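Undergrad: Can you look at this prediction? I've put the sequence above it.
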Amino acid sequence: MNQAHAHTPHHGASHTPHHGASHGHHHEHGTDGQAEILDLDAEVLAEHTASITAWLPLHTGPHHIVDLGCGTGAGTFALLDRFPDAHVTAVDASAEHLQRLRTKVCTRGVQERVRTVQADLDEADWPDLGSPDLVWASASMHHMAHPDRALRTVHDALAPGGLFAVAELAGHPRFLPENAPTDRPGLEERVHAAADRLQAEHMPHRGADWGPMLTAAGFTVEDERTIAVNIEGSRSEAIGLYALGILRRIRSVIAERLSPEDLTALDRLLDTGSPHGILRRDDLTVRTERTVWAARRT
């Protein structure tokens with residue numbers, strides 16, 4: 001199953017990359033490999049996403065699901081697999097990502113079960129998304145400029161008794177051992193610290209506790225779950241490509257915030273032709289946490 005919600009960089013260079021499906025809001029969506037990273041993220045985290053969809057406290061199987069900030073379809077396909085009688089409305093701001101999703105839909109032969117909607121979810125007026133039984137927002141809410149407004153809109157759209165699942169990663173995934181690389185130990189933590197500082201300036205809701213905000217929007221938070229992600233790199237060639245893609249995008253926005261020594265060491269890691277490059281390492285892991293809030297419209 002090569003799907004999971006995408007937790008990767010996606011917004012334009014004015015914001016540092018973060019995990020997350022491409023989301024339905026105003027950030028610019030470039031063509032610099034972002035869609036490929038989303039696909040890799042889906043493949044790498046597929047098992048964890050499947051466990052989340054299986055955990056959702058649903059009273060009955062949903063018939064209509066909305067995937068907010070669907071990206072290239074990680075959550076969409078996980079939900080289609082989990083709920084074979086459901087159809088999904090997949091919403092995103094990026095035409096490129098939606099086109100990639102539609103191509104996968106055709107390949108899988110599930111055209112009758114998926115509708116795509118291009119929309120900026122930071123706009124006050126959302127498109128008509130119907131009255132879904134389940135709304136899924138994976139790594140998308142923290143990007144919104146007005147999440148409180150978005151939460152109220154979701155609440156009002158949901159069918160009575162419907163469920164809203166908000167999933168977020170704790171931060172950028174880590175890949176390298178703490179003592180790596182040998183010439184600049186701790187490099188990855190310094191890179192992430194620089195990215196975190198920049199990101200905090202643009203996305204104050206990253207890392208938020210969504211429980212109180214969901215309650216304020218009228219939801220009843222029924223459950224919350226945090227899942228530790230720790231995946232050995234030897235399990236999948238995709239992990240090296242995933243690490244390369246994420247660190248490249250982080251470099252593109254924080255290069256000037258790194259010391260010359262750290263930047264040189266990072267570039268050595270990102271050199272696909274180097275014997276010291278990240279694709280040649282056999283000690284990679286994917287380490288992060290995912291938290292999910294399950295909130296009901298009562």
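TA: Received it, and whenever you're ready, just let me know what you need.
Undergrad: Then Glu178 would be within a helix, right?
TA: No: counting by DSSP: H, G, I helix; E, B strand; the rest coil, Glu178 falls outside a helix, being coil.
Undergrad: Next one: it from Glu289, what distance?
TA: According to Cβ to Cβ, to the nearest Å, Glu178 and Glu289 sit 17 Å apart. Where you see a C-beta, it was placed from the backbone N, CA and C, and this is true even at glycine.
Undergrad: between these two, who's got more neighbours?
TA: Neighbour tally, Glu178 and Glu289, criterion other Cβ atoms under 10 Å: the higher count belongs to Glu289, 14 against 10.
Undergrad: if I've got this straight, the more buried one is in a helix?
TA: No: Glu289: not assigned to a helix; according to three-state DSSP it is strand.
Undergrad: bridging residues for it?
TA: Using DSSP bridges, the beta-bridge partners of Glu289 come out as Ala228.
Undergrad: Over to the one 5 residues further on?
TA: Beta-bridge partners of Ala294, counted by DSSP bridges, are Ala165, Asp223.
Undergrad: which residues sit in contact with it?
TA: 56-57, 163-165, 221-225 (Cβ atoms under 8 Å, 6 or more residues apart in numbering).
Undergrad: ranking these by neighbours, who comes first?
TA: Highest neighbour count within the contacts of Ala294: Phe164, with 27 neighbours (other Cβ under 10 Å).
Undergrad: From Glu43, how far off is that one?
TA: 26 Å.
Undergrad: next one: Ser51
TA: Distance from Ser51 to Glu43, by Cβ to Cβ: 15 Å.
Undergrad: quick one: which of those two has more around it?
TA: Neighbour count, other Cβ under 10 Å: between Ser51 and Glu43, Glu43 has more, with 20 against 15.
Undergrad: tell me which strands and helices the strand or helix carrying the more buried one is in contact with?
TA: Assigned by DSSP states H and E, Glu43 falls within helix 34-44. Secondary-structure packing of helix 34-44 (3 or more Cβ pairs under 8 Å, 6 or more residues apart in numbering; DSSP states H and E): helix 74-82, helix 95-108, helix 237-254.
Undergrad: From the contact counts, what lies against the next helix or strand after that helix?
TA: Downstream of helix 34-44, the next assigned helix or strand under DSSP H and E is helix 46-55. Secondary-structure packing of helix 46-55 (3+ Cβ pairs under 8 Å, 6+ apart): helix 74-82, strand 220-232, strand 285-296.
Undergrad: Tell me what angle helix 46-55 forms with helix 74-82.
TA: Computed by axes from the mean of the first three to the mean of the last three Cα atoms, to 10 degrees, the angle separating helix 46-55 from helix 74-82 equals 60 degrees.
Undergrad: Toward the C-terminus, what is the element adjacent to helix 46-55?
TA: strand 64-68.
Undergrad: starting at the chain centroid, how far to that following strand?
TA: Taking the mean of its C-alpha atoms, strand 64-68 sits 15 Å from the chain's own mean (Cα atoms, centre = their mean, to the nearest Å).
Undergrad: Parallel or antiparallel, list what pairs with that strand.
TA: The strands that strand 64-68 pairs with in its sheet are strand 87-92 (parallel), strand 134-138 (parallel) (by DSSP bridges).
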